[in-house]
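J.: Here is the input, now give the coordinates:
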Amino acid sequence: MEKILKKLTYPDPKPNQVFYEETFWAKQAYICGIDEVGRGCLAGPVITSAVILFPFATHPLLKDSKILSEKNRLTAAQWILKNSWFSYGIVDNSEIDRINIYKATQEAMRQAVYGLFSQAIGPWRPETILIDAMPLVVPYLSPMPEIISFPYGESRSISIAAASILAKVKRDELITRMGAYFPGYSFEEHKGYGTSDHQNALLVKGPSLLHRATFIENFLPKEVVHEPTTDKQGSFLQA
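T.: The predicted structure is shown next:
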């Protein structure tokens, strides 16, 4: 596998998105892709997914989730759920504030890996984990798979693309449900990202219990940042 791992380090100008999967499948080996969604949001959790595609399972919609329409993401997600082993990791906004988004993303990735590897017993346990952009250490796995990270992972591996789609769909569903308990912020539209409408709502209403204090402190008055508002319906955590 040495030549494969070397290729993972140096991207081709026009990458073959199925090269790594097909190379491993031809050797009757498995490969896992991991990606995250929500690192740049002002509110809500960061969510990751880990995916092991069934051997030789491919789909034309296995692309970076950011370039797919919502309809195509949902179509792709339904296919992935039927053609892979998968798991999720979720770290909420309060933990993001406590340990920072970088560490929170790594923690969510470890959650997804542990969840997936608890299912991955026997011959389909992956030899290698591919991650979009972020380095990762996952203690306690035995045997320990090779963990490789590289930029633009969704365009260079369909396993990473599949993980990005599942994470995006899961997060969109979750933040939309959470947002129902905090009317006036339009979470169902922006999903927690810092759109102008979202920022205007923050200035008018102040932060909710979904917001990341460490993300919004740069453009809100200090006294507003530290006084999260709740709705008459209460926190979504109490629902």
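J.: So, low pLDDT: which residues of this structure?
T.: The model of the chain has pLDDT under 70 over residues 1-14, 120-122, 218-239.
J.: Show me how the record splits it into domains.
T.: 2-177, 184-231 (automatic domain parsing).
J.: Check the ones you listed for me and report the most buried one.
T.: Greatest average neighbour count among those goes to domain 2-177 (a mean of 19), per mean count of other Cβ atoms under 10 Å. C-betas here are computed from N, CA, C, even on glycine.
J.: what separates that one from the chain centre, distance-wise?
T.: The chain centroid and the centroid of domain 2-177 are separated by 7 Å under Cα atoms, centre = their mean, to the nearest Å.
J.: all helices in this protein, in order from the N-terminus.
T.: Ranges of helices within the chain are 2-9, 19-26, 70-82, 93-99, 101-117, 158-179, 187-190, 196-205, 213-216, 222-225, based on DSSP state H.
J.: Dump those helices into a markdown table; add distance to P60 as well.
T.: Output for the helices of the chain, formatted as a markdown table (distance: least, Cβ to Cβ, whole Å):
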| stretch | distance to P60 |
| --- | --- |
| helix 2-9 | 23 |
| helix 19-26 | 15 |
| helix 70-82 | 9 |
| helix 93-99 | 34 |
| helix 101-117 | 25 |
| helix 158-179 | 10 |
| helix 187-190 | 28 |
| helix 196-205 | 33 |
| helix 213-216 | 35 |
| helix 222-225 | 45 |
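J.: how about those helices, which one is nearest V37?
T.: Nearest to V37 among these is helix 158-179; the distance by Cβ to Cβ comes to 4.2 Å.
J.: angle of the closest one against helix 70-82?
T.: Angle, helix 158-179 to helix 70-82, by axes from the mean of the first three to the mean of the last three Cα atoms, to 10 degrees: 110 degrees.
J.: What is helix 158-179 packed up against?
T.: helix 19-26, strand 31-37, strand 46-53, helix 70-82, strand 84-91, strand 128-132, helix 187-190 (3 or more Cβ pairs under 8 Å, 6 or more residues apart in numbering; DSSP states H and E).
J.: Does anything pack onto the second one? Which helices or strands?
T.: For strand 31-37, the helices and strands in contact under the criterion 3+ Cβ pairs under 8 Å, 6+ apart are helix 19-26, strand 46-53, helix 101-117, strand 128-132, helix 158-179.
J.: In CSV: these, plus distance to S196.
T.: Below are these laid out as CSV (distance: least, Cβ to Cβ, whole Å):
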stretch, distance to S196
helix 19-26, 40
strand 46-53, 23
helix 101-117, 22
strand 128-132, 28
helix 158-179, 17
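J.: Which one of these lies nearest to L62?
T.: Closest to L62 of those is helix 158-179 (Cβ to Cβ; 4.2 Å).
J.: Taking the centroid of the protein, which residue is nearest it?
T.: E36 (2.1 Å; Cα atoms, centre = their mean).
J.: How about T214: what's its closest non-neighbour residue?
T.: Closest residue to T214 apart from its sequence neighbours, by Cβ to Cβ, 6 or more residues apart in numbering: D97 at 4.9 Å.
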